[in-house]
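Visitor: Sequence and computational prediction follow.
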Amino acid sequence: MIRTVQAVVPGSTGNLGPGFDLFGLAVDIYVRLTVTVEGTFVMASTAEPEWVVEWDGEGSGPPAPVPLDRQNLAVCGLESAWSAAGLAFDGRVTVSGSSEIPVARGLGASAASLVAGLLAGESLADASLDPERLLELATAEEGHPDNAAPSIMGGLIAAAPLEGRGVLTHRSRLFEDYLLGAVVPEMNLSTRLAREALPGEIAHQDAVKNQQRSFFLFHALVEGHTDELKELVEDSLHQPYRARLIPCFEELMALAWSGGADAVWLSGSGPTLLVLVEGSVDRVEGICRPLEERWAAEGISSRTLVLGPDDLGGAVHDVG
């Protein structure tokens, strides 16, 4: 058997301020993964395929190259999907990835690569895994679903693992007039380091504030209640602690607010800053440019990606 499929999966921004490990939004930058299998699926775990892994675009070189072996997250996704179907592959597997998503910048590159592998693996094995099962598999690999869920389903997602019951999700669409500016610095901030910056305990009142803001934030983002967003995206659980890892963080936030942003948050675990704007591409770029200049004054180059929401999520199709 020789068969080729291609999976296309969006990146995402997680947390959205107070929705720590809860909210994710799919955005229109993509991982495109082409997988060709030459051989056969077997009903045993003893087969060991020959892997050929190639990568282009973001993650294909320094400063954060993706691995070109079984540690590649797309490969992990393929193997996870096949294992879930009770299958293994005996033969040659060629994995060719091309990514628009900056690596280690808080825009869901890892989750998108993993999901692309899961979708491609499910299709190649004709495994008929539903989105809920794919999300369970992705969560088992990544540890939390706030990036994987939007990459699978698209849209604005609230996702929470329930012990013994999979992952509970609620999906909606971002208000149609919003655009996003992702100001991406040329500095890495690993998820591990960002997690280690968080305290072991937080004050009860801080937890209550985040809980209250999160509920109303989701509805404000869906309904376009722009005048409410500045207060609702305030966070007490992760941003104040991760801010210490990012040069001039508070100044950058202040510049975005003073420039007219409708909302600003640290994208995922950072270091990218995400600026939400109701309006045009020109308005997004005008708000984000001073942030680039401020980082440049610190010797840190950056770039702005003007993004829209992705409402479709990941997709896979046969190409041969």
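Guide: Alright, I've got the coordinates.
Visitor: which outside residues touch stretch 311-320?
Guide: Residues outside stretch 311-320 that contact it (CB atoms under 8 Å, 6 or more residues apart in numbering) are 3-10, 26, 34, 36, 112, 115-116, 119-120, 122-123, 131, 150-155, 173. C-beta: built from backbone N, CA, C; applies to glycine.
Visitor: Buried subset of those residues, written for PyMOL?
Guide: Selection of buried members from those for PyMOL, criterion 16 or more other CB atoms under 10 Å:
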select buried, resi 4+5+6+7+8+9+10+26+34+36+112+115+116+119+120+122+123+150+151+152+153+154+155
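Visitor: Take the contacts of stretch 311-320 and keep only those in strands.
Guide: When the contacts of stretch 311-320 are checked against strands (DSSP state E), the matches are Arg3, Thr4, Val5, Gln6, Ala7, Val8, Val9, Pro10, Ala26, Thr34, Thr36.
Visitor: Any chance of a markdown table for the residues you listed, columns pLDDT and distance to Gly313?
Guide: Output for these, formatted as a markdown table (pLDDT from 0 to 100; distance: CB to CB, whole Å):
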| residue | pLDDT | distance to Gly313 |
| --- | --- | --- |
| Arg3 | 96 | 23 |
| Thr4 | 98 | 22 |
| Val5 | 98 | 16 |
| Gln6 | 98 | 15 |
| Ala7 | 98 | 11 |
| Val8 | 98 | 10 |
| Val9 | 98 | 8 |
| Pro10 | 98 | 7 |
| Ala26 | 98 | 6 |
| Thr34 | 98 | 19 |
| Thr36 | 98 | 24 |
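Visitor: in its sheet, what does the host helix or strand of Asp90 sit against?
Guide: Using DSSP states H and E, Asp90 sits within strand 88-99. Strand 88-99 pairs in its sheet with strand 23-42 (antiparallel), strand 50-57 (parallel), by DSSP bridges.
Visitor: average pLDDT for stretch 206-220?
Guide: Per-residue pLDDT over stretch 206-220 has a mean of 95.
Visitor: try stretch 84-98
Guide: 95.
Visitor: Same question for stretch 270-286.
Guide: 96.
Visitor: List the buried residues in that stretch.
Guide: For stretch 270-286, burial by neighbour count (16+ other CB under 10 Å) applies to Gly270, Pro271, Thr272, Leu273, Leu274, Val275, Leu276, Val277, Glu278, Arg283, Val284.
Visitor: First-to-last residue distance for that stretch?
Guide: 22 Å (CA to CA, to the nearest Å).
Visitor: Distance from that stretch to the middle of the chain?
Guide: Offset of stretch 270-286 from its chain centre (CA atoms, centre = their mean, to the nearest Å): 17 Å.
Visitor: Once you drop chain neighbours, what's closest to Glu58?
Guide: Ser99 (4.4 Å; CB to CB, 6 or more residues apart in numbering).
Visitor: Doesn't Met253 belong to a strand?
Guide: No: counting by DSSP: H, G, I helix; E, B strand; the rest coil, Met253 is not part of a strand but helix.
Visitor: wait, what's in contact with the closest residue to it other than its chain neighbours?
Guide: Among residues not flanking Met253 along the chain, Val264 sits closest, at 5.6 Å (CB to CB, 6+ apart). If a contact means CB under 8 Å, 6+ apart, then Val264 has Val233, Met253, Ala256, Trp257, Leu273, Leu274, Val275, Leu276 as its contacts.
Visitor: need the next SSE after the host helix or strand of the third one, C-terminal direction.
Guide: Assigning secondary structure by DSSP H and E places Ala256 in helix 249-258. The first helix or strand that comes after helix 249-258 along the chain, using DSSP H and E, is strand 263-266.
Visitor: Looking at that following strand now, give me its mean pLDDT.
Guide: Averaged over strand 263-266, pLDDT sits at 97.
Visitor: still on that earlier bit, so which of the buried residues of stretch 270-286 sit within helices?
Guide: If you go by DSSP state H, the buried residues of stretch 270-286 have Arg283, Val284 in helices.
Visitor: count of neighbours near Phe41?
Guide: Neighbour count of Phe41, defined by other CB atoms under 10 Å: 20.
Visitor: just wondering, since we're on Glu293, how far is it from Phe89?
Guide: From Glu293 over to Phe89 the distance is 50 Å, taken as CB to CB, to the nearest Å.
Visitor: the more surrounded of those two?
Guide: More crowded of Glu293 and Phe89, by other CB under 10 Å: Phe89, with 24 against 11.
Visitor: hang on, the earlier thing: in CSV, list the contacts of Val264 along with distance to Glu201.
Guide: Formatted as CSV, the contacts of Val264 follow (distance: CB to CB, whole Å):
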residue, distance to Glu201
Val233, 23
Met253, 25
Ala256, 30
Trp257, 30
Leu273, 27
Leu274, 27
Val275, 31
Leu276, 31
